[in-house]
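J.: structure for the following, please:
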Amino acid sequence: MRVLYVTNARLPTEKAHGLAIVKTCEALAHAGHTVLLIAPERHNPLSEDMFSYYGITKNFSLKKLPTLNPAGGRVGFLMQEISFAIHAALYLRGKEGIIYSRDDVVLWILWLFGHRRFIWESHTGGWNFCARTVARKAHALVVISEGLKDFYVAGGISAGKIAVIPSAIDLEQFARPESKSDARKRLGLPLDGKIALYIGRFDGWKGSNTLFEASKLLPRDVRIVAIGGEPHEVSALKARYPHVIFPGFRPYRELADNQSAADVLVVPNTGKDVISARFTSPLKLIAHMASGRPVVASDLPSIREITGDDAAVLVAPDDAEALAGGIKKVLADALLGERLAKRALEKVERYTWKARAAAITGLLANVS
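T.: All right, here's what the predicted structure looks like:
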């Protein structure tokens, strides 16, 4: 079957959605589909080839289409998105295949141009005019959590039309990470003492500020290390949180090795944002569960859906004292850490790109 994956994402991108898009394409191609990824020619500070950047097999094709690239801001982005969607609609005329996309505005414009065979994958609970139309017209709606499914059912979408297919990882990429000492040397981290490691962005609903505040409540031999962030963010945060180490942004291909530097991995998502609390399926949480290290995470429905109550220490969200307590609890009890890490490894086997592609394949077979 031919899959036409249409995305307005900047590729490659340091953001997690870029990885999810290309890994889905790779997995669908491995499953036997002919996959064409259609993306815009957007201004991109990352100059590396997409396939090399993500370390993926070049088993699918990439087509970049022209797009407007106006100045930033909401209006500028909307202009860019619409221009890309129109170019994609024109490019797809006469091409056979099933359209797959995460972008509701793009799918709405494609629908206006007569492209009616599509599947929408939603991650954030969009319910504007475009989202409502796309959800109703799509042959299937893919969501990444039960909370997101409940949201669309409450909006009038039939539960039978919605498939819950969580985020995923490639277990092989996490099978042979480097040693703790080698990872710390490479990242310039202390070789002694304990490290609680956060990997991700420093904005939105990620909860990183709670972790930074928790650094003030930890013993001096426990260091918070936060990989990620924009250069201007890192500069400001270093001054505010001198006991946090900021190695800066590191590419995804290093993730398995970077996780090895940790004694405990932290996912401090906020409970103040509905996407964080109910809708997301955190890719980094799943990756952390494959690390062999214990995880401390916010006790939210979106996270408990993946970990249960036996594969991580779950603490009250947005509570620096609770987060610091969870970190100290794991570091003080080696047997607890081993038990959590072992259970996480058992559970993570269900969250693979192969399994995700198989679930999507079942939906593709039903598109008429």
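
J.: so Ile306 touches Ser281, yeah?
T.: Yes: with contacts counted by Cβ atoms under 8 Å, Ile306 reaches Ser281, the gap being 6.9 Å. From N, CA and C alone the C-beta is placed, and that goes for glycine too.

J.: need the overlap of contacts for those two.
T.: Contact with both Ile306 and Ser281 is made by residues Pro166, according to Cβ atoms under 8 Å, 6 or more residues apart in numbering.

J.: which stretches of the stretch 151-300 of the chain form strands?
T.: In the stretch 151-300 of the chain, the strands defined using DSSP state E, counting those that start in this stretch lie at 162-164, 194-199, 222-227, 244-248, 264-267, 295-298.

J.: which of those strands sits closest to Phe174?
T.: Ranking these by proximity to Phe174 (Cβ to Cβ) places strand 264-267 first, at 12.3 Å.

J.: which outside residues touch the very next helix or strand once past that closest one?
T.: The element immediately downstream of strand 264-267 (helix or strand, assigned by DSSP states H and E) is helix 274. Helix 274 is contacted by residues Gly125 when judged by Cβ under 8 Å, 6+ apart.

J.: pLDDT on helix 274, on average?
T.: What helix 274 shows for mean pLDDT is 94.

J.: distance between that helix and the chain's centre?
T.: Distance of helix 274 from its chain centroid, counting by Cα atoms, centre = their mean, to the nearest Å, is 16 Å.

J.: can you check stretch 346-355 too?
T.: Stretch 346-355 has its C-alpha centroid displaced from the chain centroid by 15 Å (Cα atoms, centre = their mean).

J.: export it as PDB, just CAs?
T.: Only the C-alpha atoms of stretch 346-355 are listed here, as PDB (Å, rounded to 0.1, in the frame of the first residue of the first chain):
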ATOM      1  CA  GLU A 346       9.400  -5.600  30.800                       C
ATOM      2  CA  LYS A 347       6.700  -3.000  30.000                       C
ATOM      3  CA  VAL A 348       8.500  -1.100  27.300                       C
ATOM      4  CA  GLU A 349       8.600  -4.000  24.900                       C
ATOM      5  CA  ARG A 350       5.000  -3.200  23.900                       C
ATOM      6  CA  TYR A 351       6.000   0.400  22.800                       C
ATOM      7  CA  THR A 352       8.000  -0.300  19.600                       C
ATOM      8  CA  TRP A 353       7.800   1.300  16.100                       C
ATOM      9  CA  LYS A 354       7.200  -2.200  14.700                       C
ATOM     10  CA  ALA A 355       4.100  -2.600  16.900                       C
END
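
J.: may I see the buried residues of it?
T.: Across stretch 346-355, burial judged by 16 or more other Cβ atoms under 10 Å covers Lys347, Val348, Tyr351, Thr352, Trp353.

J.: thinking again about what came up before, with mean pLDDT and mean neighbour count added, can I get the strands of the stretch 151-300 of the chain in CSV?
T.: Putting these into CSV (pLDDT from 0 to 100; neighbours: other Cβ atoms under 10 Å) gives the following:
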stretch, mean pLDDT, mean neighbour count
strand 162-164, 98, 18
strand 194-199, 98, 23
strand 222-227, 98, 22
strand 244-248, 96, 18
strand 264-267, 98, 27
strand 295-298, 98, 28
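
J.: ok, which of these comes nearest Asn44?
T.: Nearest of the strands of the stretch 151-300 of the chain (Cβ to Cβ): strand 244-248, 18.8 Å.

J.: now the end-to-end length of stretch 286-298.
T.: 14 Å (Cα to Cα, to the nearest Å).

J.: picking up where we left off before, quick check: the farthest pair among the buried residues of stretch 346-355?
T.: That would be Lys347 and Trp353, which, of those, are the farthest apart (Cβ to Cβ) at 16.3 Å.

J.: top helix in this structure by residue count?
T.: In the chain, taking DSSP state H as the definition, the longest helix is helix 74-91.

J.: pull the CA atoms of that helix into CSV?
T.: Extracted in CSV, the C-alpha atoms of helix 74-91 (Å, rounded to 0.1, in the frame of the first residue of the first chain):
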residue,chain,number,x,y,z
ARG,A,74,1.2,33.2,14.9
VAL,A,75,0.2,35.0,11.7
GLY,A,76,3.5,34.2,9.9
PHE,A,77,3.2,30.5,10.9
LEU,A,78,-0.4,30.3,9.6
MET,A,79,0.7,31.9,6.3
GLN,A,80,3.5,29.3,6.0
GLU,A,81,1.2,26.4,6.9
ILE,A,82,-1.5,27.4,4.4
SER,A,83,1.1,27.9,1.6
PHE,A,84,2.6,24.5,2.2
ALA,A,85,-0.8,22.9,2.3
ILE,A,86,-1.8,24.4,-1.0
HIS,A,87,1.4,23.2,-2.6
ALA,A,88,0.9,19.8,-1.2
ALA,A,89,-2.7,19.6,-2.5
LEU,A,90,-1.5,20.5,-6.0
TYR,A,91,1.4,18.1,-5.8
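
J.: domain assignment for the chain?
T.: The chain is divided into the following domains under automatic domain parsing: 2-168+352-364, 171-348.

J.: one step back: each with direction, which strands does the next helix or strand after the longest helix of the chain pair with?
T.: Once the chain leaves helix 74-91, the next helix or strand it forms, by DSSP H and E, is strand 98-101. Using DSSP bridges, strand 98-101 pairs in its sheet with strand 2-6 (parallel), strand 118-122 (parallel).
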